[in-house]
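[1] Task: produce atomic coordinates for the following.
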Amino acid sequence: MARIQALGSLQTSRAAGAPMRGALMQRRRSDEEAVATVPAEHTLLAAVRRGDREAFGGLVAEHQQMVYGFLRARLLEPADAEDLCQEVFLRCLVQRAKLRRGLRLQPWLIGIARNVLREHVRRVCRRKETGWTELCLQLDDLTEASDSPENEALVHLPACLDSLGQSAREALRLKYEGRLRLAEIGERLRRSVGAVKLLMYRARQALKHCLNRKLRRPGDE
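    As a prediction, the model looks like this:
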């Protein structure tokens, strides 16, 4: 994460304040200074939009763990997650004119991260490990938590995969891990291309329903 943290490494030292009278006054001054150093999000966004590098460093420090966690859950290689996290914040800096008052920053960053992931899959589509990312992105689009920065849905994915029938699991494995085409999967499973398409569709729908069911709280139904 060192390269990511380097984006927000600019920090300014603060001069020591004048001596204050009494412990109560010192506590009050400390509280006031703490509040002053943590501006409201819209103030932070306005500063970043103006090109304030220190403000951008604060934005990175506050949200980098969330963005990295989102990416790491959808990538098999930690180094890929680190590189793409850096790319997300570079794009945030380039697109800082969009940081208007009222913007929901976390969903916006997650949207950038999802686009970066899709581009990554297209760029290195021959690498077997991108199959997991592709499946996660498709399920993100299907599940009720697709706009959430949390990775709760993917925590349940292995169990939902295990709940599928053997043919469905094998079809998904051949598609996303083996990177085989539908015709090749059909040959392996001794099914027509149309039958493979239907099997894959039903498998993804089953995963969608399983994930959504596990995401619901007891009081949601």
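
[2] G58: neighbouring residues, count only.
    20 (other CB atoms under 10 Å). For glycine as for every other residue, the C-beta is placed from the backbone atoms N, C-alpha and C.

[3] does it sit in a helix, a strand or a coil?
    Following DSSP: H, G, I helix; E, B strand; the rest coil, G58 is assigned to helix.

[4] For it, give its distance to L103.
    According to CB to CB, to the nearest Å, G58 and L103 sit 16 Å apart.

[5] Output the top helix by length along the chain as CSV, restricted to C-alpha atoms.
    The residue-count maximum for a helix in the chain (DSSP state H) belongs to helix 193-215. C-alpha atoms of helix 193-215 as CSV (Å, rounded to 0.1, in the frame of the first residue of the first chain):
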residue,chain,number,x,y,z
VAL,A,193,-24.2,-24.5,-27.0
GLY,A,194,-27.8,-23.5,-26.3
ALA,A,195,-28.0,-25.9,-23.4
VAL,A,196,-24.7,-24.5,-22.0
LYS,A,197,-26.1,-20.9,-22.3
LEU,A,198,-29.2,-21.9,-20.3
LEU,A,199,-27.1,-23.8,-17.7
MET,A,200,-24.9,-20.7,-17.2
TYR,A,201,-27.9,-18.4,-17.0
ARG,A,202,-29.6,-20.5,-14.4
ALA,A,203,-26.3,-20.9,-12.4
ARG,A,204,-25.9,-17.1,-12.3
GLN,A,205,-29.5,-16.6,-11.3
ALA,A,206,-29.1,-19.2,-8.6
LEU,A,207,-26.1,-17.4,-7.3
LYS,A,208,-27.9,-14.1,-7.4
HIS,A,209,-30.8,-15.5,-5.3
CYS,A,210,-28.5,-17.2,-2.9
LEU,A,211,-26.4,-14.1,-2.3
ASN,A,212,-29.5,-11.8,-2.0
ARG,A,213,-31.0,-14.2,0.5
LYS,A,214,-27.9,-14.3,2.6
LEU,A,215,-27.6,-10.5,2.5
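
[6] That helix - what's its average pLDDT?
    The average pLDDT within helix 193-215 is 88.

[7] ok now that helix, how far from the chain's centre?
    23 Å (CA atoms, centre = their mean, to the nearest Å).

[8] That helix: which residues count as buried?
    195-196, 199-200, 203-204, 206-208, 210-212, 215 (16 or more other CB atoms under 10 Å).

[9] same question, stretch 183-195
    Buried residues in stretch 183-195, defined by neighbour count with 16+ other CB under 10 Å: I185, G186, R191, A195.
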